[in-house]
Each structure stands twice: as C-alpha cells, then as structure tokens.
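Chemist: Fold the stuff below for me.
(one chain, ligands or ions: 1)
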Amino acid sequence: MRFTPTEEQAQLKELAAKASRQLFATTIEKDEEEGIFRREIIRELGKLGLTGIPTPVEYDGAGLGYLEYAIALEEIAAYGAAYAISVAVSGLPQVILNLFGNEQQKKKYIPPLARGEHIGAFSLSESHAGSDAGSLKARAVKNGSEYVLNGTKLWTTQGNVADTVIVFARTGGEGPRGVSAFIVEKGTKGFRAGKTEHKMAANASPTCEMILEDVVVPASSLVGEEGQGFKIAMTALDSGRITIGATAVGLGRAAFEYSTKFAKERKQFGQPIADFQGIQFMVADMYTALEASRLLVQRAAYLKDSGLPFTREASAAKLFSTDATMSITTDAVQLLGGVGYTKEYPVERYMREAKVLQIVEGTNQIQRMVIGRSI
Ligand code: CAA
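Modeler: Numbers count the residues shown, from 1 in each chain. Next comes the predicted model:
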C-alpha cells in the first residue's frame, strides 16, 4: 500500500474537486436549507466518469478501485456531503449487480447507473428492521413467472428519484436466510415513494419511505437466488462502509480547513487565536484524527481492491472516521465560537451532516458489533 497518490489518482482527485466546485459548492447551502436534490449534478458527475468509478469498463464504469473511489468521494464530500452520499448510494446497485447479477441484468441496469444517467437506490430498512435488518417483513410471493411484492421500506436514500432500486423482501421463513433481493424499476405499478424525511441535515440527499402495493416484477428481477438477499445486502454494505468513511474524511477535512483558516485570522487578546496553545492542541487532535481516518479508509479500500477480506477493516474505517468527523466538526464550531453556531458560516452544517454518518449504512454500534464478532 502506497502513501502517495499515483499520477492517475492525483488527476482524479483534481477532477473531482474541480467538478464539485463548479457544480454545487456555491449552491449546496441553499439546497440543503430547501431540501433540493439536483439530478443534473449526478448526470454531470457521470459525464466525468465519477458515478461508476469501481464499475468495470465493459459496463461503462471507470474500472478503477475503491482506493480511487475513496479519493474522489473525499473531494466531493469536501464540497457537498449530500452529493458524496448520492454517488455512494447510486454505487450500491452497481456493486450488487456486478457481483451477484446475471449477464442480462448487468447489461441492462449497470451502464446507465455508471454513466450517471440513472440513479440507484438500496431499500433494506423498515420501521422495525433497522439495525436488525434480517427481521424485515416486506414480502415477495412467487406467482408463475413473476413475483408480487408488498410492504413498506424506510430510510431509502434518493428513493423518490431513483430509476433502479434494489429492494429486499422476504421469500422464505423468518430471519436473514428468508430474504431475497429484487430489482424494481421506477414507475412499476404499485411502487412509489412515500414521505420524504425532514432530517437534521443532508436534505439535498432525500431519504424516503418506499411503498410496495402488489408490485408485480418478472422473476428475472430476482438478484442471485432466493434466500441470498441478506448476504447480498451485507456484501454491498461492506463496500458501502468504505464510501461512507471516505465521505466522512471529506466532510471532516472541510471543517478542519475552514476552522484552522479562521483561527489564523481571528484575533483576540492582541493575537491570532491560532497562537494559543489551547487552540493548537485542538487543531493537532483534529489533524491527527483526520489523517488516521483517511488511512483506515484507504487500507480497507486497498484490501478490497486486492481481493482480500475487508469486512472488519471497512467497519473499523466507517466507525473511526465518522466518530472522528463528528468530533472534528464539533471542534470546528468551537473554534469559530459564537459565529460558528450561526448559519452565516458553514461549520454548524458540517456538524449536523456529520451526525448522520454515524448512523447511516449501519450505526457505529453495529460496526462495533461486526468488528467484535469477527475478533
Ligand atoms: N458478508 C457476507 N455475508 C454476511 C456478512 C457479510 N459482511 N455478514 C453476515 N453475513 C451472512 C452470515 O454469514 C450469515 O450467513 P448464514 O446464514 O449462511 O450463516 C447471514 O449473513 C446472517 O448473518 P448474521 O447471523 O451475522 O446476521 P444478524 O442478523 O446477526 O445481523 C448484522 C448481522 C451485522 C447486525 C446486520 O444485521 C447489519 O449489518 N445490520 C445493520 C444494517 C445496516 O447497515 N443498515 C443500513 C442500511 S443503509 C440504508 O438503508 C440507507 C441507504 O439508502 C443506503
């Protein structure tokens, strides 16, 4: 594992940073306030090859690794965490179909997602099945050459705008082994988004209830085999946790850079507050947490790219980096003092955005459970 980027990685980093600055850096604040998701931004990111980074070239992806994916997501998140979440979640159906889909499914669904023309979503959770995902109740009943799906899903990122949704529903008995995964296309009769959650932050990335009322899908929509759904979900989340870690690093970096610049400019007692040891110690801890987070994310990505087991490392990266970013963004508000608490400055938004990263794609308590069990 190398600690300096290759030329290709450095170019990708610059590309992602430049695109983010141009596409949403100046509008994200307002869009967050108003809960506006801009689909065209995903399309533009797609034109630059940023919406299918680890997807094979034959399905119109960039054919790169998770290390490159993490580098790009860090940049996107530094300018707008909501769009990093959006790209990461649109990546989940891609990784699922690439690993478990048949050739027909791959050819039909992956390329438009990889190009950013379509938006993807992952619909696992339900009201009573959050951390205990294996207890989900939505049902899929086989009827000849079709399945009929019924149930209500929750917390589906961009479910209201997604074209391709991987829906997890029960085809068998209770528990994880009874779960199957289905591709459900936007516009399928009986399939619709319910309410959009009004969240503490990340409102430019909508989070929706998904309603399935006698939704008929062809049997060819089943991904993998019946009963394989839970493993498919867990495998996708293993990869997804690397992307959430990378998002946390980008967000933490934005807070770190903004607040340290401020500390060098803000004068009290006749000198920049950055000259005080009390501030320097805070900054040193923020820096160290940020660097450690990035290394954990990159190591998990490296293991995945090398074809080695990475479940524990991905959970550790997600756990550490999102907790670190919660702490870094909170300290950033503290460094700015009173103005940091106002909406005139972006750091209070960073702090609110950080909170969701400790919850999404498995709470940090679940990450500790995954790590603990594996040890
Ligand atoms: N990879 C492959 N298979 C896995 C696996 C992994 N990482 N983790 C578990 N499995 C398999 C197990 O081997 C087991 O297989 P067998 O039945 O063949 O033995 C099966 O799955 C069941 O495993 P467990 O007994 O460990 O299952 P559990 O019920 O105890 O749950 C859990 C384990 C880790 C707690 C899991 O439920 C979990 O990760 N929960 C959190 C769910 C989560 O992250 N939700 C967020 C979804 S994101 C979202 O909804 C928003 C969005 O838009 C993206």
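
Chemist: going forward, measure contacts and count neighbours with C-alpha atoms only.
Modeler: Will do.

Chemist: which residues of this structure fall in strands?
Modeler: Using DSSP state E, the strands found in the chain span residues 120-123, 139-143, 146-157, 164-170, 179-185, 191-196, 207-218, 222-223, 267-268, 271-272.

Chemist: Could I get those strands in CSV, plus columns for mean pLDDT and distance to Lys18?
Modeler: Converted to CSV, the strands of the chain look like this (pLDDT from 0 to 100; distance: least, CA to CA, whole Å):
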stretch, mean pLDDT, distance to Lys18
strand 120-123, 98, 24
strand 139-143, 98, 44
strand 146-157, 98, 25
strand 164-170, 98, 28
strand 179-185, 98, 33
strand 191-196, 98, 31
strand 207-218, 98, 27
strand 222-223, 98, 37
strand 267-268, 98, 32
strand 271-272, 98, 31
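
Chemist: Quick one: closest of those strands to the ligand.
Modeler: The ligand sits nearest to strand 146-157 of all the strands of the chain, at 3.7 Å, using CA to the nearest ligand atom.

Chemist: helices or strands up against that closest one?
Modeler: strand 120-123, strand 139-143, strand 207-218 (3 or more CA pairs under 8 Å, 6 or more residues apart in numbering; DSSP states H and E).

Chemist: okay if I get the strands of the chain as CSV plus mean neighbour count and distance to Gly362?
Modeler: Formatted as CSV, those follow (neighbours: other CA atoms under 10 Å; distance: least, CA to CA, whole Å):
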stretch, mean neighbour count, distance to Gly362
strand 120-123, 27, 13
strand 139-143, 18, 22
strand 146-157, 22, 12
strand 164-170, 27, 16
strand 179-185, 25, 18
strand 191-196, 18, 20
strand 207-218, 20, 15
strand 222-223, 24, 22
strand 267-268, 12, 42
strand 271-272, 13, 41
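
Chemist: What residues does the chain have near the ligand?
Modeler: 89, 122-125, 130-134, 155-157, 176-177, 230-231, 234-235, 238, 311, 360-362, 366, 370 (CA under 6 Å from any ligand atom).

Chemist: longest helix anywhere in this protein?
Modeler: Ordering each helix of the chain by length in residues (DSSP state H) puts helix 229-265 first.

Chemist: Tell me the buried residues in that helix?
Modeler: By neighbour count on 16 or more other CA atoms under 10 Å, the buried set for helix 229-265 is 229-233, 235-256, 258-260, 262-263.

Chemist: what angle sits between that helix and strand 179-185?
Modeler: Orientation check (axes from the mean of the first three to the mean of the last three CA atoms, to 10 degrees): helix 229-265 against strand 179-185 gives 70 degrees.

Chemist: Now the helices and strands packed on strand 146-157 in TSV, please, with extra columns for distance to Ile96.
Modeler: Formatted as TSV, the helices and strands packed on strand 146-157 follow (distance: least, CA to CA, whole Å):
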stretch	distance to Ile96
strand 120-123	10
strand 139-143	19
strand 207-218	18
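
Chemist: so His118 touches Val161, yeah?
Modeler: No. Counting by CA atoms under 8 Å, His118 does not reach Val161; the two are 9.2 Å apart.

Chemist: Common neighbours of these two, please.
Modeler: Residues touching both His118 and Val161 (CA atoms under 8 Å, 6 or more residues apart in numbering): none.

Chemist: Done for today, thanks.
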